[in-house]
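>>> fold the following.
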Amino acid sequence: MRTITVMNQKGGVGKTTTAVNLAAGLAARGRQVCLIDLDPQGHASMHLGVEPTGSTPTIYQVFTGEKTLAEIRQLVAPNLWVAPANTELAAIEIELANVQDRELILRGAIQQFVQTQPLDYIILDCPPSLGVLTVNALTAVKEVMIPLQPHFFALQGLSKLLETTARVTRRLNRELKVTGVAICLFETGTRLASDVIADLTNFLRASDPQAPWANARIFQTKVRRNIKLAEAPSFGQSIFDYEPKSAGAQDYASIVEEVIAMESAISASHAA
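Okay, here's the model as predicted:
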């Protein structure tokens, strides 16, 4: 089983779009997938048609110990489950302030979950911040995928994000690796995008071989800016259901293929 956190502390870079469509694309390829929404805005949940209100259980109850992941997950498509979130989750940072080992709550919940629910992938959509929810995600998984918009300031934000992964690796999760950077909102033919990708490539090549991102790859597929990707959430559908012939669907299908192609190498590295 692969566990992947999709994260970027900057909003509007395609993070939730990537998490949702990666999960949906893998499920369509026959993988058993659970998408865990860790963003209090609940956008990943709504993107797949789940709007938890009232007494609907959410990931908040998992953090408070009232429910298990098995009890809150919802089947939204063949092979695809969602552990939903809503604004209730925004209070968890304060509520866990004095809780011992609060960074390990999600790890324990996932370990309990997979003992009874065989899965191929667990994908976590993080909030656009580096607080306790994101740290829980990094502590619970083995892989990080970073969606990145090819703008100058995105590289500055990336350094802070990588520093966070390094701290979590040292203190809480020795197995954590940044395995991929997905270029999103890509505009073909622009000089800036090419320059940013070149700078990112050089940075990764020059990284300390012991850094958690030392072997990260930049996905060959660039997710082009596409209006259909922006429209799909309002219909509660992945891009593959909403507009399967769109450029967005083509790009995310290619990202899914690249992720699947990594399975053997990732499994071998974990076994080692």
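
>>> need the helices for the stretch 1-150 of the chain, in chain order.
With helices called from DSSP state H, counting those that start in this stretch, the stretch 1-150 of the chain shows them at 15-28, 43-47, 59-63, 69-72, 92-95, 105-116, 132-140.

>>> name the helices or strands packed onto the third one?
Read that as helix 59-63. Counting by 3 or more CB pairs under 8 Å, 6 or more residues apart in numbering; DSSP states H and E, the packing neighbours recorded for helix 59-63 are helix 69-72, helix 92-95, helix 105-116. (Glycine included, C-beta is placed from N, CA and C.)

>>> quick one: mean pLDDT over stretch 187-202.
Stretch 187-202 carries an average pLDDT of 81.

>>> name the residues that touch that stretch?
Applying CB atoms under 8 Å, 6 or more residues apart in numbering, the contact partners of stretch 187-202 are 148, 150-152, 154-155, 158, 181, 183, 186, 218, 222, 224-225.

>>> distance to Thr56 and secondary structure for those residues - can I get that in JSON lines?
Converted to JSON lines, the contacts of stretch 187-202 look like this (distance: CB to CB, whole Å; DSSP: H, G, I helix; E, B strand; the rest coil):
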{"residue": "Leu148", "distance to Thr56": "33", "secondary structure": "strand"}
{"residue": "Pro150", "distance to Thr56": "38", "secondary structure": "coil"}
{"residue": "His151", "distance to Thr56": "37", "secondary structure": "coil"}
{"residue": "Phe152", "distance to Thr56": "41", "secondary structure": "helix"}
{"residue": "Ala154", "distance to Thr56": "35", "secondary structure": "helix"}
{"residue": "Leu155", "distance to Thr56": "39", "secondary structure": "helix"}
{"residue": "Leu158", "distance to Thr56": "35", "secondary structure": "helix"}
{"residue": "Val181", "distance to Thr56": "34", "secondary structure": "strand"}
{"residue": "Ile183", "distance to Thr56": "35", "secondary structure": "strand"}
{"residue": "Phe186", "distance to Thr56": "36", "secondary structure": "strand"}
{"residue": "Ile218", "distance to Thr56": "38", "secondary structure": "strand"}
{"residue": "Lys222", "distance to Thr56": "37", "secondary structure": "coil"}
{"residue": "Arg224", "distance to Thr56": "35", "secondary structure": "strand"}
{"residue": "Arg225", "distance to Thr56": "34", "secondary structure": "coil"}
